[in-house]
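J.: return a 3D structure for these sequence lines:
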Amino acid sequence: AAKERSGGETGAKRTPAIGFRSEASESNRNIRMRRADSSFLTAAPFLPEGKMTVIENQSFEQERALYNLTDATVRHCRFEGEADGESVLKEARNITVEDSSFSLRYPLWHNRGLVLRDSRLCEPSRAPLWYCEDGVVERTAIESVKALRECRRFRIQSSDIHSPEFGWKCDGIELCGGSL
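T.: Sure thing, here's the model as predicted:
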């Protein structure tokens, strides 16, 4: 059991804590979805853009390129390249990412207060949103095999999700519109 919790293979089929029957998966997963009162959406102390760092029209391929970014807006950026860096926005706090695309592995792990909108998490990103809290995803295409895992208090609105292992061990996930 300890090996399974750490992500190792045990030979037994894993049963996720939340999820739903999707066309890409034959397993019927039990969903713990609740209709949130949206109070968690305002938990992060977002600052007006004038007091935030703004990163625009950039391309990043290095590992942990924007590691631990705080109080920032990332707009019109691409996370891809030959360097194939992992965890480009790991451990970020209070960030907004708009109109950006991610093709590098594990881009948004351990984030708090994340707003992701009008963006694309491409298949090579594999497991883009893990261990995150207090987030909003709007109008975003998610094409990653393990899109959301061990996340808490997320609202996903008007987004298209193609992820056979979506939503494992998550709590407080609200899906509004879009497709899965």
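
J.: thought Val136 was touching Val115?
T.: Yes: counting by CB atoms under 8 Å, Val136 touches Val115, with 4.9 Å between them. Yep, even glycine has a C-beta here, placed from its N, CA and C like the rest.

J.: low-scoring pLDDT stretches of the protein, where are they?
T.: Applying pLDDT under 70 to the chain picks out residues 1-50.

J.: and the gap between the residue nearest the centre of the chain and Glu150?
T.: With the centre of the chain defined as its mean C-alpha position, the nearest residue by CA atoms, centre = their mean is Leu129, 2.7 Å away. Counting by CB to CB, to the nearest Å, the gap from Leu129 to Glu150 is 10 Å.

J.: before we move on, what about Ser119?
T.: Taken as CB to CB, the span from Ser119 to Glu150 is 21 Å.

J.: who has more neighbours out of those two?
T.: Using other CB atoms under 10 Å as the criterion, Ser119 and Glu150 rank with Ser119 on top: 22 against 16.

J.: could you pull up the residues touching that one?
T.: Listed by CB atoms under 8 Å, 6 or more residues apart in numbering, the contact set of Ser119 reads Val97, Glu98, Asp99, Ser100, Ser101, Phe102, Thr140, Ala141.

J.: next up, phi/psi of it, please.
T.: Main-chain torsions, Ser119, degrees, to the nearest 10: phi -130, psi -180.

J.: and Ser125, by the same measure?
T.: Note on Ser125: its backbone torsions stand at phi -70, psi -10 [degrees, to the nearest 10].

J.: now Glu174: which helix or strand?
T.: strand 171-176 (DSSP states H and E).

J.: and what of Val136?
T.: Assigned by DSSP H and E, Val136 belongs to strand 133-138.

J.: and the contacts of the helix or strand just after that strand?
T.: Using DSSP H and E, the helix or strand that follows strand 133-138 in sequence is strand 141-142. Defining contact as CB under 8 Å, 6+ apart, one finds that strand 141-142 is touched by Ser119, Arg120, Leu121, Pro128, Ser159, Asp160, Ile161, His162, Ser163, Phe166.

J.: show me where this structure has its helices.
T.: Listed in chain order, the helices of the chain (DSSP state H) span 2-5.

J.: check contacts around Arg78.
T.: Neighbour list for Arg78: Gln58, Ser59, Phe60, Ser100, Ser101, Ser103 [criterion: CB under 8 Å, 6+ apart].

J.: that should have said Leu121, apologies.
T.: Contacts of Leu121 (CB under 8 Å, 6+ apart): Ser101, Phe102, Pro107, Pro128, Leu129, Thr140, Ala141, Ile142, Glu143, Ser144, Ala147.
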